[in-house]
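Peer 1: pasting the structure only:
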Ligand SMILES: Cc1cc2nc3c(=O)[nH]c(=O)nc-3n(C[C@H](O)[C@H](O)[C@H](O)COP(=O)(O)OP(=O)(O)OC[C@H]3O[C@@H](n4cnc5c(N)ncnc54)[C@H](O)[C@@H]3O)c2cc1C
Ligand code: SF4
Ligand code: FES
Ligand code: FES
């Protein structure tokens, strides 16, 4: 690990003073905020991230860890821990997809440490990104190439890839946020702003090392999720190599609004298969106004993966992803909704 | 020969070397170090910290890179918490911070300042009576080599306290962050099921 200066910020203003010189979203940034540390400390030990200054923002817990459910919807402070949100009775009832996306992630210990802000900014588990003995990784060293294209790419993405990077976005919670039209609130040198969560992550394109649209030093302070009564019928289905403590091979976040056996409205996001949290808008459009019969579900799943490209070892993810989505929709339709 | 009879058991040896390496030299160098909230010029100069571990205050001077796990094992001399993977993937290093189970290998020691750290050494009562979970691991034969065991026990205590030990499948899910290469999983689940009512009594 590279030497760094550890500093503690007692409030957002102090954090911004220390964090200002750097893009929090960039691997090579000299300044990094420290929340749970479960991504940052891991990658610092691997020498993938080499900040000169680590700004501990855990003191912001006092003001930025609230979980508030009101008529407008849900507001989650960025320093709220994954475990606290997953265990919230209000969220389990009104937004089961959020609780499940957190509960099915990582382990109980990691969920106690990890913050929501850090969670959405967690970095890919691409083995070549994590192993600095491979010189060629465009995300870690811009312009160096991509070892995964010709390497072992079983865990890699099939949607949103580019010639320069096919790394999977590994998180689960991001799928719930994007499916529910969440907004992100951030605070920077120029004040506060809010924007759709769907605009936070950037697809790799020709610059995979720039992972988000955050500006220099910007601190994520909260996520807001607009009220959505039909989110009571929502779930997160995660398919993986072992049944717990593992990243997704394919996952689906779905919410269904049923009228009889017809779908009035639907939200679909896919995980484990894409380079960023992935909203499947075409698939949603196919399903609206239809029933959940096998033929419709096949069309919906095909629409979700219409643009997918495999790279050899991960070809199976296209079919696995379709089946995951189909099963998630069927399970959501069968849910008994508590009143 | 049992460990107690050996003049220099491995455990004694580690403990005493750790205590002496946290030596005067380091503490002296740290005397002039800036407090953690003020950035310093040379990032390698030690940061002096005071950590609350198992109810007592421990002053240490550490490189900012030191994790809580290394601080406990190498500097404070508490070698009960184990290093399996050092990357958050095994749970051997599980301790409680402010009553919550966390991974000490991914926690910077500096970030643990002002928090209450509890390790496996802090679980038994002062008179040496084992915590019901420790006793249950013995009674249910819930370990073989024992390497994962301190982490398993810390995690198990938390699992019960969190209210996530209501069925075998729930225990398995909420204990999935603790791997056991000896695969004692069935007995670990039994131990937790057995300890749960006793933890309520205690
Ligand atoms: C073994 C293992 C298994 C895992 N399995 C899963 C899984 O199955 N599913 C899953 O979703 N995740 C999984 N994770 C990832 C884990 O969820 C993330 O590491 C965690 O959520 C990151 O949160 P943190 O608070 O620890 O972030 P940190 O490590 O503290 O920070 C991560 C990054 O975000 C920046 N940052 C943090 N907070 C803010 C903020 N408020 N504003 C701006 N920048 C900020 C930091 O500077 C850093 O660059 C796993 C991790 C491990 C180690
Ligand atoms: S897939 Fe992306 S992260 Fe992985 S080696 Fe290629 S460029 Fe690097
Ligand atoms: S040593 Fe900390 S999780 Fe393995
Ligand atoms: S008892 Fe040997 S690793 Fe668990």
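Peer 2: Good, I have the coordinates. Values in this document were obtained by computation on a predicted structure and should not be read as measured data. Ligands and ions are numbered 1, 2, ... in the order given.

Peer 1: What's the first helix or strand after the lowest-mean-pLDDT helix or strand in chain B?
Peer 2: The weakest-scoring helix or strand in chain B, judged by mean pLDDT, DSSP states H and E, is helix B:24-31 (a mean of 36). Counting by DSSP states H and E, the element after helix B:24-31 in chain order, helix or strand, is strand B:47-53.

Peer 1: and that following strand, how far from the chain's centre?
Peer 2: Remark: strand B:47-53 is offset 15 Å from the chain centroid, using Cα atoms, centre = their mean, to the nearest Å.

Peer 1: got a list of contacts for that strand?
Peer 2: Applying Cβ atoms under 8 Å, 6 or more residues apart in numbering or on different chains, the external contacts of strand B:47-53 come out as A:6, B:27, B:30-31, B:33, B:36, B:57-64, B:68, B:71-72, B:76, B:78, B:109-110, B:112-119, B:122. The C-beta positions use only the backbone N, C-alpha and C, and glycine is treated the same way.

Peer 1: Tell me if the helix or strand hosting residue B:190 is near ligand 4.
Peer 2: For residue B:190, the element it lies in under DSSP H and E is helix B:185-201. No. Helix B:185-201 is not in contact with ligand 4 by Cβ under 6 Å from any ligand atom; minimum separation 8.2 Å.

Peer 1: Do the helix or strand residue A:148 falls within and ligand 2 come into contact?
Peer 2: Assessed by DSSP H and E, residue A:148 sits inside helix A:147-150. Yes. For helix A:147-150 and ligand 2, the contact criterion (Cβ under 6 Å from any ligand atom) is met by A:147-148.

Peer 1: tell me the mean pLDDT for that helix?
Peer 2: If you average the pLDDT over helix A:147-150, you get 97.

Peer 1: next one: it to chain centre, how far?
Peer 2: The chain centroid and the centroid of helix A:147-150 are separated by 23 Å under Cα atoms, centre = their mean.

Peer 1: Going by residue numbers, what spans are strands in chain B?
Peer 2: For chain B, applying DSSP state E gives strands covering B:47-53, B:56-62, B:94-97, B:100-103, B:116-118.

Peer 1: Need those in CSV (columns: distance to residue A:288 and mean pLDDT).
Peer 2: Shown next, in CSV, are the strands of chain B (distance: least, Cβ to Cβ, whole Å; pLDDT from 0 to 100):
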stretch, distance to residue A:288, mean pLDDT
strand B:47-53, 56, 96
strand B:56-62, 58, 97
strand B:94-97, 47, 98
strand B:100-103, 43, 98
strand B:116-118, 53, 98
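
Peer 1: give me every residue that touches the nearest residue to residue A:68 once chain neighbours are set aside.
Peer 2: Leaving out its chain neighbours, the residue that sits closest to residue A:68 by Cβ to Cβ, 6 or more residues apart in numbering or on different chains is residue A:75, at 4.5 Å. Listed by Cβ under 8 Å, 6+ apart, the contact set of residue A:75 reads A:66-69, A:222-225.

Peer 1: Surely residue A:75 forms part of a helix?
Peer 2: No. Judged by DSSP: H, G, I helix; E, B strand; the rest coil, residue A:75 forms no part of a helix; its state is strand.

Peer 1: Test of understanding: give the bridge partners of it.
Peer 2: residue A:68, residue A:224 (DSSP bridges).

Peer 1: so which of the contacts of residue A:75 would you say is closest to residue A:118?
Peer 2: Comparing the contacts of residue A:75 against residue A:118 with Cβ to Cβ places residue A:223 closest, at 12.5 Å.

Peer 1: Settle this for me: the closest one is touching residue A:79, isn't it.
Peer 2: No. In this structure, residue A:223 is not within contact of residue A:79 by Cβ atoms under 8 Å, at 11.4 Å.

Peer 1: Need the residues touching each of these two.
Peer 2: In contact with both residue A:223 and residue A:79: residue A:116, using Cβ under 8 Å, 6+ apart.

Peer 1: which parts of the stretch 101-250 of chain A sit against chain B?
Peer 2: Proximity of the stretch 101-250 of chain A to chain B (Cβ under 8 Å from any Cβ of the partner chain) is limited to residues A:106-110, A:112-113, A:244-245.
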